[in-house]
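A.B. asks: Build me a structure from this.
(one chain, ligands or ions: 3)
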Amino acid sequence: MSERIFITGIGTGVGKTVTSACVVEALQADYWKPVQTGLTEGTDTDTVKSLISNPVSVCHREAYCLEAPASPHLAARLEDVNINVKEILEQAHRIQPSGRSLVIEGAGGLMVPLTEQVFTIDFIQQLEAKVIIVARNYLGSINHALLTAQVLRQRAIPVLGWIFSGEYHSNETEVVGWSGYPLLGRIPHTALVDRAFVKEQAEKLSLW
Ligand SMILES: Nc1ncnc2c1ncn2[C@@H]1O[C@H](COP(=O)(O)OP(=O)(O)OP(=O)(O)O)[C@@H](O)[C@H]1O
Ligand SMILES: C[C@H](N)[C@H](N)CCCCCC(=O)O
Ligand SMILES: [Mg+2]
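C.D. replies: Ligands and ions are numbered 1, 2, ... in the order given. Now for the predicted structure:
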């Protein structure tokens, strides 16, 4: 089935990339990070490439790789680059694998601006993608998680559900209940994020 699955988060640094690798592995899907910002610690694409072991998945080249570890709109401005969302959407059509899903990872959360006019949530809508929300437990995460769910519901964007990353907290169960979206799984904290861990976690996810 040729689905577009957009991996968003309740913010940045919540585990989207590791979760993307698990979803890619579980579905033998392709992976794409259209806009990468911050290059000093390597790219999410290279991270996912290093974590998947199935022979089918392809990790596609980013549409934009920007130096500054910042919002895409700002990182682009700092490099005098113009992010062209129309061209990114055209690239999405070109790379969509036939008969398999494309896992697309955003930068940060839903309201991160790609340009001064187009926010990540607008981009998701234009991609006609279904969404997986990645959440991590920290003081303040209930608010971030429910705001994310609320905006997706208000924009009638199809949501597959939640994947929680890191240590379990009882808040998870309540956030799932309050949001009305299902729990697809959780990816526990591990001392070593490697292929074996991703393969093991991929087998536990209930994605359909
Ligand atoms: N299950 C896990 N166990 C241990 N460390 C993890 C786990 N998941 C993610 N991490 C680590 O947490 C950090 C942030 O995770 P990750 O890069 O997946 O976040 P992100 O949401 O993709 O961030 P960005 O918005 O920059 O794309 C990384 O150093 C990653 O290796
Ligand atoms: C640089 C980092 N790796 C992220 N991809 C960028 C996240 C941008 C967040 C913008 C914001 O919400 O303030
Ligand atoms: Mg990432």
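
A.B. asks: Ramachandran coordinates for the residue sitting furthest away from the middle of the chain?
C.D. replies: For the chain, the residue at maximal distance from the C-alpha centroid (Cα atoms, centre = their mean) is D80, at 25.8 Å. Note on D80: backbone dihedrals following degrees, to the nearest 10 are phi 60, psi 40.

A.B. asks: ok, it to V23 distance?
C.D. replies: D80 sits 35 Å away from V23 when distances are taken as Cβ to Cβ, to the nearest Å. C-beta: built from backbone N, CA, C; applies to glycine.

A.B. asks: Helices along the chain, start to end?
C.D. replies: With helices called from DSSP state H, the chain shows them at 16-27, 44-51, 72-78, 85-95, 120-127, 141-154, 171-179, 195-204.

A.B. asks: for the third one, packing partners?
C.D. replies: In this structure, helix 72-78 packs against strand 35-37, strand 64-66, with contacts taken as 3 or more Cβ pairs under 8 Å, 6 or more residues apart in numbering; DSSP states H and E.

A.B. asks: Only the buried residues of it, if you could.
C.D. replies: For helix 72-78, burial by neighbour count (16 or more other Cβ atoms under 10 Å) applies to P72, H73, A75, A76, R77.

A.B. asks: Can you redo those residues as CSV, where the extra columns are distance to E105 and pLDDT?
C.D. replies: Output for the buried residues of helix 72-78, formatted as CSV (distance: Cβ to Cβ, whole Å; pLDDT from 0 to 100):
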residue, distance to E105, pLDDT
P72, 13, 98
H73, 17, 98
A75, 16, 98
A76, 18, 98
R77, 22, 98
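
A.B. asks: Pick the most buried one from the helices and strands packed on helix 72-78.
C.D. replies: Counting by mean count of other Cβ atoms under 10 Å, strand 35-37 has the highest mean neighbour count of the helices and strands packed on helix 72-78, with a mean of 24.

A.B. asks: That one pairs with which strands, and in what direction?
C.D. replies: With DSSP bridges as the test, strand 35-37 is paired with strand 64-66 (parallel).

A.B. asks: tell me the average confidence for the partner strand?
C.D. replies: In this model, strand 64-66 has an average pLDDT of 98.

A.B. asks: Can you dump the C-alpha atoms of stretch 180-188 in CSV for me?
C.D. replies: Output in CSV follows, covering the C-alpha atoms of stretch 180-188 (Å, rounded to 0.1, in the frame of the first residue of the first chain):
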residue,chain,number,x,y,z
GLY,A,180,-9.0,10.3,21.2
TYR,A,181,-6.1,9.0,19.1
PRO,A,182,-4.8,5.4,19.6
LEU,A,183,-1.5,4.3,21.0
LEU,A,184,0.6,2.6,18.3
GLY,A,185,3.4,1.7,20.6
ARG,A,186,6.2,2.9,22.7
ILE,A,187,10.0,2.9,22.2
PRO,A,188,11.7,2.6,25.6
